[in-house]
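> quick one, structure for this:
(one chain, ligands or ions: 1)
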Amino acid sequence: MNTISKESDRIAWELMILEDLKSMSYEDVATKHATSRGTVYSIAVKHGARKHEQRIQEKKKQKKLRRQEFLKQVVNATVKSDVLDYLDGLPDGSVDLWITSPPYSIGKSYEESLGQFGLMYYVGWLLQVVSEMARTLSEQGTLCLQLGNTKLPSGQPYPIDALIMEHLRSMGLNFKSRIIWTASHGLTPKERLSERYETVLVFTRGDQSVFNPNAARQPQKQPEKRAYKGKNKGQLSGHPLGAHPSNVWTDIGTVKSNSVDRKDCGNHPAPFPIKLVKRLILLYSLPGDLVGDPFCGSGSTSVGAFETGRAFTGADLLYEDLREDRLSRLAPDLITPLTGITDRSVAAWMAEAKPKNNEACVENSNLTEGEIEDLFGVVA
Ligand SMILES: C[S@@+](CC[C@H](N)C(=O)[O-])C[C@H]1O[C@@H](n2cnc3c(N)ncnc32)[C@H](O)[C@@H]1O
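Just a heads-up that it's a prediction; the model follows:
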């Protein structure tokens, strides 16, 4: 096998290979230069001199155009499609927020497409799906993955996030949060504790992602509490819109048989509670952003996106009639859900704050510039 040590020798050798490639096959060039076909091919790739380079570039360009066309068709629409076909159709960086709950491979009626290949097949498939979601995520985008337990070959349950977490990091995604939301009821297994929480993993593509904590602030335990020392001594110490949101959400609730969510989701066995979807959307996207769900089932993510002024896109192998019916009744939600504001916190704040619509008063108020911006936008 040919080994080239000096950089100048290597460059000269690569140039000879490129020259020969003009008239010979990869195979023949490899034999002539006592190297492998793979090495010849990677030299050709490095110098943009693959055989049929023009055709390859043309195909790439066509794929890009096809993907842009496809995106136009699936904005504010959901399609009946296999998840990987749908994701492959989307351009790089086109979705601002993915929120999804994949099948867990636990024998649900909608999991037939996964077949009987077992745990490793399931994990590989799921990682393929997630890496496509990462490719299609915008630079400031966020990925929310609702994950529960899958089944080991022994039949024992096992948390999916524990199986894939490290792979998500090695895909270059940035871990942000693992949200636990509690469920008040569910199955009661004899041999272990009842499962009463669900998990949402939150990852971002880059460092500059959207995050609006105000959308999920919780009521302050003591809205009248004041700083007892420091330069703010005597002033209200809590944020007027409520406490900074935590990663444990106890107020989501489940989709019960007699709830409004259940009526909307028909017979889907595992729909998202709308409250969960909306909170994630308000936290991790901006009005006008594109919010997607590649396993959109009954269409809950689309409903949440529309009601909060975002565009939506989604796919699912099944439930297209259910979604069509549900999405045909979409109407914007005109009430912003600011959970952190209570009568008590408003009273405490009103007693303290001066009118904020008067520039002079804003200047005189006890609020810091950052707090004023946070509450009312930039004051000119
Ligand atoms: C946990 S459910 C998601 C429910 C959804 N979040 C909702 O609110 O209705 C998983 C969904 O994945 C869909 N699914 C299963 N295999 C699929 C595949 N290969 N491609 C696309 N969708 C698939 C199922 O039909 C099911 O609706």
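> give me the low-pLDDT residue ranges for the chain?
1-5, 110-117, 257, 260, 336-338, 353-380 (pLDDT under 70).
> how about the strands in it?
With DSSP state E as the criterion, the chain has strands at 77-80, 95-100, 137-147, 149-151, 157-159, 174-182, 197-204, 248-249, 290-293, 311-316.
> looking at these, which is nearest to E19?
When those are compared by C-beta to C-beta, strand 137-147 sits nearest E19, at 40.7 Å. No exception for glycine: its C-beta is placed from N, CA and C like everyone else's.
> how many neighbouring residues does the residue in the chain positioned nearest to the ligand have?
Nearest to the ligand in the chain, going by C-beta to the nearest ligand atom, is G297, at a distance of 2.7 Å. By the measure other C-beta atoms under 10 Å, the count of residues near G297 is 25.
> can you tell me which residues contact it?
Contact partners of G297, counting by C-beta atoms under 8 Å, 6 or more residues apart in numbering, are S101, Y110, C265, H268, A270, P271, F272, D316, L318, Y319, R323.
> quick one on the thing from earlier: export the strands of the chain to JSON lines and tack on distance to the ligand and mean neighbour count?
Shown next, in JSON lines, are these (distance: least, C-beta to the nearest ligand atom, whole Å; neighbours: other C-beta atoms under 10 Å):
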{"stretch": "strand 77-80", "distance to the ligand": "9", "mean neighbour count": "18"}
{"stretch": "strand 95-100", "distance to the ligand": "7", "mean neighbour count": "26"}
{"stretch": "strand 137-147", "distance to the ligand": "7", "mean neighbour count": "23"}
{"stretch": "strand 149-151", "distance to the ligand": "12", "mean neighbour count": "18"}
{"stretch": "strand 157-159", "distance to the ligand": "16", "mean neighbour count": "13"}
{"stretch": "strand 174-182", "distance to the ligand": "14", "mean neighbour count": "17"}
{"stretch": "strand 197-204", "distance to the ligand": "11", "mean neighbour count": "20"}
{"stretch": "strand 248-249", "distance to the ligand": "17", "mean neighbour count": "16"}
{"stretch": "strand 290-293", "distance to the ligand": "6", "mean neighbour count": "27"}
{"stretch": "strand 311-316", "distance to the ligand": "4", "mean neighbour count": "25"}
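> who does the one residue sitting closest to the centre of the chain bridge with?
By C-alpha atoms, centre = their mean, the chain has its centre lying nearest to L143, at 1.6 Å. Note on L143: beta-bridge partners W98, F203, judged by DSSP bridges.
> my read: R178 touches W249, true?
No - using C-beta atoms under 8 Å, R178 is not in contact with W249; the gap is 11.7 Å.
> with adjacent residues omitted, what lies nearest to S131?
M171 (5.6 Å; C-beta to C-beta, 6 or more residues apart in numbering).
> narrow the contacts of G297 to those that are buried.
S101, Y110, C265, H268, A270, P271, F272, D316, Y319, R323 (16 or more other C-beta atoms under 10 Å).
> the ligand contacts on the stretch 251-380 of the chain?
Contact residues, the stretch 251-380 of the chain versus the ligand (C-beta under 6 Å from any ligand atom): 265, 268, 270-272, 295-298, 300, 315-319.
> next, the nearest residue to R66 once chain neighbours are set aside: phi, psi?
Of all residues not flanking R66 in the chain, G89 sits nearest, at 7.5 Å (C-beta to C-beta, 6+ apart). Taking degrees, to the nearest 10, you get phi -70, psi -20 for the backbone angles of G89.
> what's near enough to touch G89?
Residues in contact with G89 (C-beta under 8 Å, 6+ apart) are R66, R67, F70, L71, V74.
> near the second one, how many other residues are there?
Think R67. 16.
> and it, what does it touch?
R67 neighbours (C-beta under 8 Å, 6+ apart): G89, L90, P91, S94.
> for the closest residue to V79 other than its chain neighbours, which residues are in contact?
Nearest non-adjacent residue to V79, counting by C-beta to C-beta, 6+ apart: A315, 4.9 Å away. By C-beta under 8 Å, 6+ apart, the contact list for A315 reads V74, T78, V79, K80, S81, D82, V83, Y86, P294, F295, C296.
> among the residues you listed, name the buried ones.
Counted by 16+ other C-beta under 10 Å, the contacts of A315 give V74, T78, V79, S81, V83, Y86, P294, F295, C296 as buried.
> farthest-apart pair in these, please.
Distance extremes for these: the farthest pair is V74 and F295 at 14.4 Å, using C-beta to C-beta.
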